[in-house]
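Student: test case, fold it:
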Amino acid sequence: MTDVYAHRGAHLKERENTLGAFHDAVALGVDGVELDVRRTLDGVLVVHHDPSIDSVALAHTLAKDLPAYVPTLEEAMGALSGVTVNVEIKNSKDPNEPVYDETGTFVREVLDFLHGAEVASSVIISCFDLATCARVRDYDIDIRVGWLIWDVEVESALVEAHVLGLDALNPHFSLVTPATQRKASELGLELNAWTVNAPKDIEAMAAIGVASIITDQPAQALSLVARGCD
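Tutor: A predicted model of the protein is given here:
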């Protein structure tokens, strides 16, 4: 059965990527939650999607100076006990990003935390940057890793992910077809589709048989996926 992941938590009532959104998602009974991890100027791992708050980059800000609603990764994982967490490492060469870590330090710090907190087995790491995904796999042979894609050809991406020993490809749902699902299965890879919000798209992804959908409508998705399995 297709799993349902709450995209940045259940954030229709709560601010996204906050402890409130994470608690609400768990209360809904989702299979997992997707969140975004960044690193502050003083090296604290925090959960926030955008690179900046009020035009000030998180990478250039001390953790103590961030708004109270921004949780640490440690706080977020504590709120998400019992569900799988898709930890998206925000590390890319996008010009909108103020920094890019090519040393592997960011990846290493995330992995060290996850193992130290004994939660690595309940996590899948994802990133749009393939080099970051490859570094995660180089550092940790067991942790689940998924390559996020948007403007990449799916068939070739599946082959690259397979060659690198990744566990999943996380494409935008518009890129997913029955053929790509079949190819993923042949290569032993999961497909985790994002961000699937419209009922017809939720039902389509479940019918194709993707491993999970990442959605801003987790309550609706839980109902539709369950109905599709009756």
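
Student: distance from the chain centre to the longest strand seen in the chain, please.
Tutor: Looking across the chain with DSSP state E, the single longest strand is strand 32-39. Taking C-alpha atoms, centre = their mean, to the nearest Å, the mean C-alpha location of strand 32-39 is offset from the chain mean by 6 Å.

Student: next: stretch 217-230.
Tutor: Remark: stretch 217-230 is offset 20 Å from the chain centroid, using C-alpha atoms, centre = their mean.

Student: and for stretch 188-203?
Tutor: 13 Å.

Student: and stretch 68-82, by the same measure?
Tutor: Stretch 68-82 sits 14 Å away from the centroid of its parent chain (C-alpha atoms, centre = their mean).

Student: can I get it as PDB, trimmed to CA atoms?
Tutor: Output in PDB follows, covering the C-alpha atoms of stretch 68-82 (Å, rounded to 0.1, in the frame of the first residue of the first chain):
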ATOM      1  CA  ALA A  68      11.200  30.500  18.400                       C
ATOM      2  CA  TYR A  69       9.100  28.600  15.900                       C
ATOM      3  CA  VAL A  70      12.100  27.200  14.200                       C
ATOM      4  CA  PRO A  71      12.900  23.800  15.800                       C
ATOM      5  CA  THR A  72      16.200  22.000  15.900                       C
ATOM      6  CA  LEU A  73      16.400  18.700  14.200                       C
ATOM      7  CA  GLU A  74      16.600  17.100  17.600                       C
ATOM      8  CA  GLU A  75      13.300  18.700  18.700                       C
ATOM      9  CA  ALA A  76      11.700  17.700  15.400                       C
ATOM     10  CA  MET A  77      12.800  14.000  15.600                       C
ATOM     11  CA  GLY A  78      11.500  13.900  19.200                       C
ATOM     12  CA  ALA A  79       8.100  15.100  18.000                       C
ATOM     13  CA  LEU A  80       8.000  12.500  15.200                       C
ATOM     14  CA  SER A  81       8.600   9.400  17.300                       C
ATOM     15  CA  GLY A  82       6.800   6.400  15.700                       C
END
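
Student: in it, what counts as buried?
Tutor: By neighbour count on 16 or more other C-beta atoms under 10 Å, the buried set for stretch 68-82 is Val70, Pro71, Thr72, Leu73, Ala76, Met77, Ala79, Leu80. Where C-beta positions appear, they are placed from N, C-alpha and C, glycine not excepted.

Student: which residues are in contact with it?
Tutor: 15, 17-19, 22-23, 25-26, 33, 35, 37, 44-48, 53, 58, 63, 85, 87, 110, 113-114, 117, 119 (C-beta atoms under 8 Å, 6 or more residues apart in numbering).
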